[in-house]
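Peer 1: Next input, structure requested:
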Amino acid sequence: MFEFFNDIDNYETRKVARDTSDCGIEVSTCYSSDEGYETALIDSNDVHPVERYDTREEAEIGHYKWLVFAHDANGKIIKKLGAWGLIEDDGVLLKV
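Peer 2: Model prediction:
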């Protein structure tokens, strides 16, 4: 459950891709020790995991899909994924 501590200070080695959309929302896809490959959208409020993948190849495809989505995502509601079976998924309004 606390595997995420293994990910401190090594984002660059775990990163699949990281881009900023035209509206200012960042899209970050990386490998995490506790959840595997995942894409997160980053707005002015928080980091919002939105999709998880089994392989790096799936993560690369997913990253591009979310980058296209993020092009005009300001003000859209997304499903933020929960974690570890303890935190439930939640609806979040993206805000730049």
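
Peer 1: Return the residues in contact with Trp79.
Peer 2: Just to correct that, residue 79 is Lys rather than Trp. With contact set as C-beta atoms under 8 Å, 6 or more residues apart in numbering, Lys79 has these partners: 50, 89-92. C-beta here means a position set from N, CA and C on the backbone, and glycine is covered the same way.

Peer 1: and if we set it to 7 Å?
Peer 2: Listed by C-beta atoms under 7 Å, 6 or more residues apart in numbering, the contact partners of Lys79 are 50, 89, 91.

Peer 1: Same check on Ile77?
Peer 2: With contacts defined as C-beta under 7 Å, 6+ apart, the neighbours of Ile77 are 91-93.

Peer 1: I'd like to know which of the residues you listed is nearest to Asp19.
Peer 2: Set against Asp19, the nearest of those by C-beta to C-beta is Val92 (19.6 Å).

Peer 1: State whether the closest one is indeed within a helix.
Peer 2: No: Val92 is assigned strand when assessed by DSSP: H, G, I helix; E, B strand; the rest coil, not a helix.

Peer 1: so what's it up against?
Peer 2: Val92 sits next to 48, 77-78, 80 when contact means C-beta under 7 Å, 6+ apart.

Peer 1: 8 Å instead?
Peer 2: With C-beta under 8 Å, 6+ apart, Val92 has these contacts: 45-46, 48, 77-80.

Peer 1: sorry, back to before: out of the contacts of Lys79, which one sits closest to Ala73?
Peer 2: Among the contacts of Lys79, Val50 lies closest to Ala73 (C-beta to C-beta), at 10.2 Å.
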